[in-house]
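Undergrad: sequence unavailable; structure follows:
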C-alpha cells in the first residue's frame, strides 16, 4: 500500500470512489453522481502543504481509496481546524484500511498546522462513528434532522479530537 498526494490524473478515480457511496445513503448527502468537471475547483482547493488530498494505491498501483483535509471555515482564525474525509473503493472496504488511513491522517495533521480534526458523519453511519471513536474522536456537535435522504430526515454528528 502506498499513500501519496493526488494528481489531476487521479481525479476520475477519486470521483468514481465517491460516487460509489451515493446509493447507500450513509456517507454523503449528494443524491446524484458528481462529475470530474464538478470536482475540479474542489481538487484545486487541496493544497498539499496545508489541506492535502491523498490517494491510496494497492500493490498493483491501483487507487483504492482517498482522504483529504478541508477547511472547517474560510475565516483565518479557524485554520487550526480541518475536516477529514475518507472514501474507500467498495472492493477494499472491510479490511482495516479505514483505520490505517485515519491513523495516518492524525499523524500528518501537526505538520500541517492542524490542531483540531473534525469529521461530519451521519448519525445512522455506525461503522464510521465506531471507527472515529476508536481513534479518540468524541461528539462535539449534533445537527438533528438537517438532511432529507429519500424522504427520511437524517441527523449529522460532528466528531472531533485534538491532534497529537
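TA: Right, received. Where do you want to start? What you see is a predicted model, and the numbers here were worked out from it, not measured in a lab.
Undergrad: would you point out which residue is most central in this protein?
TA: Central residue of the chain (C-alpha atoms, centre = their mean): residue 85, 0.8 Å from the mean position.
Undergrad: how about the contacts made by that one?
TA: By C-beta atoms under 8 Å, 6 or more residues apart in numbering, the contact set of residue 85 is 67-68, 70, 119. Bear in mind the C-beta positions are built from the backbone N, C-alpha and C, glycine included.
Undergrad: quick check: which element contains it?
TA: Per DSSP states H and E, residue 85 falls inside strand 81-88.
Undergrad: now residue 136
TA: Taking DSSP H and E as the definition, residue 136 sits outside all helices and strands.
Undergrad: contacting residues around it?
TA: With contact set as C-beta under 8 Å, 6+ apart, residue 136 has these partners: residue 161.
Undergrad: specify the beta-bridge partners of the residue nearest to the centre of the chain.
TA: For residue 85, the beta-bridge partners under DSSP bridges are residue 68.
Undergrad: and it, how far from residue 52?
TA: According to C-beta to C-beta, to the nearest Å, residue 85 stands 11 Å off from residue 52.
Undergrad: confirm residue 104 sits in a helix?
TA: Yes. Under DSSP: H, G, I helix; E, B strand; the rest coil, residue 104 sits within a helix.
Undergrad: thought it was touching residue 2?
TA: No. Applying C-beta atoms under 8 Å as the test, residue 104 and residue 2 come out as separate, 11.4 Å apart.
Undergrad: of the two, which one has the most company?
TA: Under the neighbour definition other C-beta atoms under 10 Å, residue 104 and residue 2 were set side by side, and residue 104 has more, 15 against 10.
Undergrad: excluding chain neighbours, what is closest to the more buried one?
TA: Spatially, and ignoring its direct neighbours in sequence, residue 104 is nearest to residue 3 (6.0 Å; C-beta to C-beta, 6 or more residues apart in numbering).
Undergrad: check residue 154 too.
TA: residue 147 (4.4 Å).
Undergrad: how far off centre is the helix or strand the one you found falls within?
TA: Using DSSP H and E, residue 147 sits in strand 138-149. In terms of C-alpha atoms, centre = their mean, to the nearest Å, the centre of strand 138-149 is set 16 Å apart from its chain centre.
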